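Colleague: curious how this folds, go ahead:
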Amino acid sequence: MENRNRYNNLFLIGFSGSGKSSVGKLLAKKLKFNFLDTDKKIEANLNMKISEIITGKGEKYFRKIETQCLSEIDYDSKMVISTGGGIPTIKENIKIMNHFGIMIWLNSAIKTIIKRLENSKEIRPLLGEKINKNELLSLYEQRKKYYQLAKFSIKTDNKTLNTLAEEIKNKLLEINR
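Modeller: Numbering: from 1, shown residues only. Below is the predicted model of the structure:
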């Protein structure tokens with residue numbers, strides 16, 4: 001793997017409902033980067049919803065597909081990449097993301113996540129239709145150590161998408177000095 005400018009590709013990581021896709025689209029626009037949502041790419045490639053993939057083929061299969069998706073991305077153009085909430089739990093994915101860019105953790109408090117997920121019409125694959133707060137908290141705690149591997153984190157609670165995108169942009173300028 002040849003080394004590249006590490007800030008050309010920004011991987012947004014964080015729990016389901018943390019705003020990775022929404023913030024990612026706006027951030028990409030502000031930075032004049034391309035935007036890619038790994039879940040949407042996987043759904044398009046397999047012509048199935050993520051929930052159908054996990055239900056039909058299992059989580060282990062889905063994690064392999066996520067790694068394959070990260071491996072197949074053309075990293076030659078500058079990109080903001082919104083990842084699935086579990087992507088950083090796989091060692092190979094962390095290697096890929098650190099090699100081709102930097103990880104940015106959209107850090108939301110659990111109560112914010114619960115509120116967003118309850119208000120969402122989207123069915124979250126590992127959480128189901130009805131949100132079980134204990135299961136959600138357990139999964140959040142399991143994943144937190146992986147999210148903490150990010151280059152930096154941005155607290156998302158009570159902030160607009162625009163504020164979050166600006167904070168990330170400013171942080172990038174700061175670390176690029």
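Colleague: any buried residues in the helix or strand bottoming out on mean pLDDT in the chain, and which?
Modeller: In the chain, the helix or strand scored least confidently by mean pLDDT, DSSP states H and E is helix 110-119, which has a mean of 83. By neighbour count on 16 or more other Cβ atoms under 10 Å, the buried set for helix 110-119 is 112-114, 116-117. No exception for glycine: its C-beta is placed from N, CA and C like everyone else's.
Colleague: swap in stretch 150-157?
Modeller: 150-151, 153-154, 156.
Colleague: three-state assignment of Leu10?
Modeller: strand (DSSP: H, G, I helix; E, B strand; the rest coil).
Colleague: could I get the phi/psi values of the closest residue in space to it that isn't next to it in sequence?
Modeller: Closest residue to Leu10 apart from its sequence neighbours, by Cβ to Cβ, 6 or more residues apart in numbering: Val80 at 4.9 Å. Backbone torsions for Val80, taken as degrees, to the nearest 10, come to phi -100, psi 120.
Colleague: cool, and Leu137?
Modeller: Taking degrees, to the nearest 10 as the convention, Leu137 sits at phi -60, psi -40.
Colleague: tell me who's in contact with it.
Modeller: Residues in contact with Leu137 (Cβ atoms under 8 Å, 6 or more residues apart in numbering) are Ile110.
Colleague: where's it relative to Lys20, distance?
Modeller: As judged by Cβ to Cβ, to the nearest Å, Leu137 and Lys20 stand 19 Å apart.
Colleague: for Trp105, same thing?
Modeller: Taking Cβ to Cβ, one finds Trp105 at 10 Å from Lys20.
Colleague: surely the residue nearest to Leu10 is in contact with Lys29?
Modeller: No - using Cβ atoms under 8 Å, Val80 is not in contact with Lys29; the gap is 9.0 Å.
Colleague: need the overlap of contacts for the two.
Modeller: Phe35.
Colleague: compare these two and say which one has the larger neighbour count.
Modeller: Taking other Cβ atoms under 10 Å, Val80 and Lys29 do not tie; Val80 has more neighbours (27 against 12).
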